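Engineer: sequence? don't have it. structure:
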């Protein structure tokens, strides 16, 4: 019992920074491990191993090859080259959901192989040939972008679902609306324990100091790395655009990068809010005050929304319609700025 508890607690998932654990060595006590697994499962020893122990690396490598071939075959069946840059050209939610399901399996197997500490050089080369590192990062990036959009649709209920560019999507098929509702995106598979916010800020600072003759990482490689990690999914556009504004050969310290990125985000947020205010006939100051009050308390107050709309002089029916139109634009902005925290009362406008 104690041995199984030790394994379970070591391997317990905590968050995006700990999607798995490492059990460094149990071969020296193989007999006790077999006995504990058999006792815990209540079945024969060999059957218990099949239930509790993962496949050996060569088996998983073959599974990875098969999963990658299925992904390639699927993209080719859609008239596309089996390359990451082709994925945005998929037509319809059927195809996008199919890509999500198929690449998630590829990533699951790749993540599993990352945990093997005794891979031979030949096995590592075999994995690299099957899924080159640059391709893997690029595929993860387009996966996260596609999954993020599908999840936004998944979070909405009822009515026709608009497509990525505003069109009404096709009727549900094998991977249509019903399948989207059932998708589990498993974003934890796409969050590296080695890459965090501090690491990215340091990497951007190093990039800014590069000259063409000493370039370690191109701008596109840096962007691809950032976009391949689920931890940055909620600010992919901001951090990508910020990196595109930087000039190489003009070194920045890590603190300067942090400050510059924060100013860039503040300016972008202010511009987004000003556009919403202008569209709905509100002043920038009034809308900014309304949003700041929500984020300060993390509570949505319906009475404050009524006060915000009062200067427009609308009837109650008109005001209600305008409130719904306004909140349809504000909810995504509020959720992004809340950075994963829950805003109490906002769910009334998320349907």
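Structural biologist: Looks like it came in fine. Keep in mind the model is a prediction, meaning the values are calculated, not measured.
Engineer: Quick one: mean pLDDT over stretch 98-118.
Structural biologist: In this model, stretch 98-118 has an average pLDDT of 89.
Engineer: what comes up buried for it?
Structural biologist: Neighbour-count burial for stretch 98-118, counted by 16 or more other CB atoms under 10 Å, picks out 98-113. (Each C-beta comes from the backbone N, C-alpha and C, glycine too.)
Engineer: any idea where the helices of the stretch 101-250 of the chain begin and end?
Structural biologist: 121-130, 133-154, 177-182, 197-208, 219-227, 236-245 (DSSP state H, counting those that start in this stretch).
Engineer: Mean pLDDT for those - can I get that in TSV?
Structural biologist: TSV is the format used below for these (pLDDT from 0 to 100):
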stretch	mean pLDDT
helix 121-130	95
helix 133-154	84
helix 177-182	54
helix 197-208	84
helix 219-227	83
helix 236-245	88
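Engineer: just the buried residues of stretch 98-118 now: which is nearest residue 345?
Structural biologist: Closest approach between these and residue 345, by CB to CB: residue 100, at 31.5 Å.
Engineer: The closest one contacts residue 148, doesn't it?
Structural biologist: No: using CB atoms under 8 Å, residue 100 is not in contact with residue 148, being 10.5 Å away.
Engineer: Quick check: phi and psi at residue 345.
Structural biologist: Phi and psi for residue 345, reported as degrees, to the nearest 10, are phi 90, psi -10.
Engineer: dump the residue contacts of it.
Structural biologist: 299-302 (CB atoms under 8 Å, 6 or more residues apart in numbering).
Engineer: quick one: which of those residues is nearest residue 220?
Structural biologist: Once CB to CB is applied, the member of the contacts of residue 345 that ends up nearest residue 220 is residue 300, at 39.6 Å.
Engineer: residues near that closest one, how many?
Structural biologist: 20 (other CB atoms under 10 Å).
Engineer: With residue 294 as the reference, measure out to the residue lying closest to it once chain neighbours are set aside.
Structural biologist: Excluding its sequence neighbours, the residue lying closest to residue 300 (CB to CB, 6 or more residues apart in numbering) is residue 345, at 3.8 Å. For residue 345, the distance to residue 294 equals 9 Å [CB to CB, to the nearest Å].
Engineer: repeat for residue 232
Structural biologist: Residue 232 is 24 Å from residue 294, where distance means CB to CB.
Engineer: Over to residue 67?
Structural biologist: From residue 67 to residue 294 the distance is 44 Å (CB to CB).
Engineer: Using TSV, lay out the helices of the stretch 101-250 of the chain together with mean neighbour count and distance to residue 306.
Structural biologist: Shown next, in TSV, are these (neighbours: other CB atoms under 10 Å; distance: least, CB to CB, whole Å):
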stretch	mean neighbour count	distance to residue 306
helix 121-130	14	59
helix 133-154	19	28
helix 177-182	15	34
helix 197-208	17	38
helix 219-227	18	40
helix 236-245	16	32
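Engineer: and the residue nearest to residue 293 when sequence neighbours are not counted, how many neighbours does it have?
Structural biologist: Spatial nearest neighbour of residue 293, excluding adjacent residues (CB to CB, 6+ apart): residue 304 at 6.2 Å. Neighbours of residue 304 under the rule other CB under 10 Å: 14.
Engineer: Quick one: residues in contact with the helix or strand where residue 304 lies.
Structural biologist: Taking DSSP states H and E as the criterion, residue 304 maps to helix 302-309. Here helix 302-309 makes contact (CB under 8 Å, 6+ apart) with 282, 286-287, 290, 293-294, 319, 322-323, 326-327, 345.
Engineer: Next secondary structure element downstream of it?
Structural biologist: helix 316-338.
Engineer: which helices and strands does that next one pack with?
Structural biologist: helix 254-279, helix 284-297, helix 302-309 (3 or more CB pairs under 8 Å, 6 or more residues apart in numbering; DSSP states H and E).
Engineer: and the angle from the second one to helix 254-279?
Structural biologist: Which is helix 284-297. 120 degrees (axes from the mean of the first three to the mean of the last three CA atoms, to 10 degrees).
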